[in-house]
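[1] no FASTA, just this:
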């Protein structure tokens with residue numbers, strides 16, 4: 001208790017909000033105005049004048065963030081969520097304060113979001129911690145996040161956001177947009193691979209399909225994590241509150257369900273296509289082995305004839321005949337023809 005009082009006292013004496021990455025104030029029409037976090041006091045975030053509200057974003061790798069969080073008008077559970085090192089999705093609603101952790105894609109510094117498009121092979125995931133009241137949205141992260149940065153740029157460009165819950169939904173929607181673009185790109189790649197397989201032009205398809213399946217797994221896991229939390233949240237609070245977060249969660253649930261179905265379809269298509277490629281390669285290998293086996297079977301009798309006539313023993317037929325070589329060659333060829341006819345009679349040499 002004493003440590004908590006000391007932390008609050010320290011936060012109260014700090015000038016402004018040092019360590020905050022950005023602070024925006026939104027008017028009643030949802031238009032954002034940038035504030036100087038270095039001069040804005042935490043007490044200003046408690047203001048309830050008009051329809052204005054705030055978005056404060058923190059860098060959890062900055063030790064001063066803990067002092068800022070301690071001075072925010074939020075319950076202790078929300079403070080713990082913002083500073084938690086946990087890396088799993090969760091969402092809680094305590095009275096009128098929502099807090100939790102969402103998964104997001106890591107943002108590569110210096111990469112233009114407008115040109116970035118789908119995910120790349122080296123893109124990882126990160127975690128967005130947040131706490132939200134009717135007039136305040138606090139977000140925090142330990143590494144740059146793609147969807148969060150996209151939402152910030154949309155806000156700067158003038159996208160109207162009339163409430164904190166709309167901004168949170170926008171961030172989650174940007175996450176879904178990236179999944180959708182990546183899913184569309186993977187679907188186009190899969191179509192091209194399928195065309196080559198159907199044309200029996202198999203080259204590096206096994207490698208391409210393995211990479212594609214790995215990327216679909218990378219898309220599927222975060223989606224599953226979000227759905228596993230959002231759907232129970234909607235069911236748990238559907239009848240006991242009219243908080244505006246519930247309709248947003250319902251919309252996100254619907255979109256994540258659709259995306260997860262699309263990604264699941266891609267996974268199934270890739271798996272079936274991989275099985276078909278393996279079957280075609282096995283068939284091609286069997287044909288090659290068949291040809292090699294036939295050649296071996298046809299050359300074995302002449303080799304036996306050549307071995308017999310190559311023995312330096314008395315009494316060999318045609319040893320003193322001027323046409324001995326011709327007779328030996330004819331005997332070798334006749335033995336090959338005899339073996340071929342025998343294999344055809346047995347059904348082995350028939351074309352498949």
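    Alright, I've got the coordinates. These numbers were taken from a predicted model, which means no experiment stands behind them.

[2] Can you check the distance spanned by stretch 63-80, start to finish?
    Stretch 63-80 has an end-to-end distance of 15 Å (criterion: Cα to Cα, to the nearest Å).

[3] in the protein, which helix or strand is least confident?
    helix 2-13 (a mean of 36; mean pLDDT, DSSP states H and E).

[4] what's the following helix or strand after that helix?
    strand 20-26 (DSSP states H and E).

[5] Output the contacting helices and strands for that following strand.
    Packing partners of strand 20-26 (3 or more Cβ pairs under 8 Å, 6 or more residues apart in numbering; DSSP states H and E): strand 32-34, strand 53-59. All C-beta spots, glycine's among them, are computed from the backbone N, C-alpha and C.

[6] What residues of the last one count as buried?
    When you say that, I think you mean strand 53-59. Residues of strand 53-59 classed as buried by neighbour count (16 or more other Cβ atoms under 10 Å): 53, 54, 55, 56, 57, 58.

[7] And it, what does it pack against?
    strand 20-26, helix 64-70, strand 136-141, helix 146-156, helix 164-198.

[8] Just name the most buried of the ones you listed.
    Neighbour counts (mean count of other Cβ atoms under 10 Å) averaged over each of those peak at strand 136-141, with a mean of 24.

[9] Can you classify the residue nearest to residue 300 when sequence neighbours are not counted by secondary structure?
    Leaving aside its sequence neighbours, residue 300 sits nearest to residue 339 (Cβ to Cβ, 6 or more residues apart in numbering; 7.4 Å). What DSSP: H, G, I helix; E, B strand; the rest coil gives for residue 339 is helix.

[10] Please state the offset of the top helix by length along the chain from the chain centre?
    Identified as the longest helix of the chain according to DSSP state H is helix 245-309. Helix 245-309 has its C-alpha centroid displaced from the chain centroid by 23 Å (Cα atoms, centre = their mean, to the nearest Å).

[11] Which strands or helices does that helix pack on?
    Using 3+ Cβ pairs under 8 Å, 6+ apart, helix 245-309 is in contact with helix 164-198, helix 205-237, helix 324-346.

[12] Helix 324-346 and that one, what's the angle between them?
    140 degrees (axes from the mean of the first three to the mean of the last three Cα atoms, to 10 degrees).

[13] Quick one: residues contacting the nearest residue to residue 194 once chain neighbours are set aside.
    Leaving aside its sequence neighbours, residue 194 sits nearest to residue 273 (Cβ to Cβ, 6+ apart; 5.9 Å). Going by Cβ atoms under 8 Å, 6 or more residues apart in numbering, residue 273 touches 190, 193, 194, 197, 205, 209.

[14] Residue 273 and residue 261, how far apart?
    18 Å (Cβ to Cβ, to the nearest Å).

[15] Now flag whichever of the buried residues of strand 53-59 is closest to residue 102.
    Residue 102 lies nearest to residue 57 out of those, by Cβ to Cβ, at 13.8 Å.

[16] Beta-bridge partners for that closest one, please?
    Beta-bridge partners for residue 57, by DSSP bridges, are residue 22, residue 139.

[17] Pull up the gap between it and residue 188, please.
    Where residue 188 is concerned, residue 57 sits at a distance of 35 Å (Cβ to Cβ).

[18] Could you do residue 29 as well?
    Taken as Cβ to Cβ, the span from residue 29 to residue 188 is 40 Å.

[19] where in the protein is pLDDT low?
    1-16, 42-44, 47-49, 109-123, 313, 315, 319, 347-352 (pLDDT under 70).

[20] if we go to 50?
    Scanning the chain for pLDDT under 50 picks out 1-14, 114-115, 352.

[21] Which segments of it make up each domain?
    2-279, 291-346 (automatic domain parsing).

[22] Switch those domains over to a markdown table; also include distance to residue 285.
    Listed next are those as a markdown table, based on distance: least, Cβ to Cβ, whole Å:
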| stretch | distance to residue 285 |
| --- | --- |
| domain 2-279 | 10 |
| domain 291-346 | 11 |
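
[23] tell me the most buried of those?
    Taking mean count of other Cβ under 10 Å, domain 2-279 is the most buried of the domains of the chain, at a mean of 17.

[24] Quick one: distance of that domain to the chain centre.
    The gap between the average C-alpha position of domain 2-279 and the chain average comes to 15 Å, counting by Cα atoms, centre = their mean.

[25] Please apply the same query to stretch 322-341.
    65 Å.

[26] neighbouring contacts of it?
    With contacts defined as Cβ under 8 Å, 6+ apart, stretch 322-341 is touched by 297-302, 304-306, 309, 317-318, 321, 349.

[27] just those now: which is nearest residue 179?
    Nearest to residue 179 among the contacts of stretch 322-341: residue 349, at 54.7 Å, using Cβ to Cβ.
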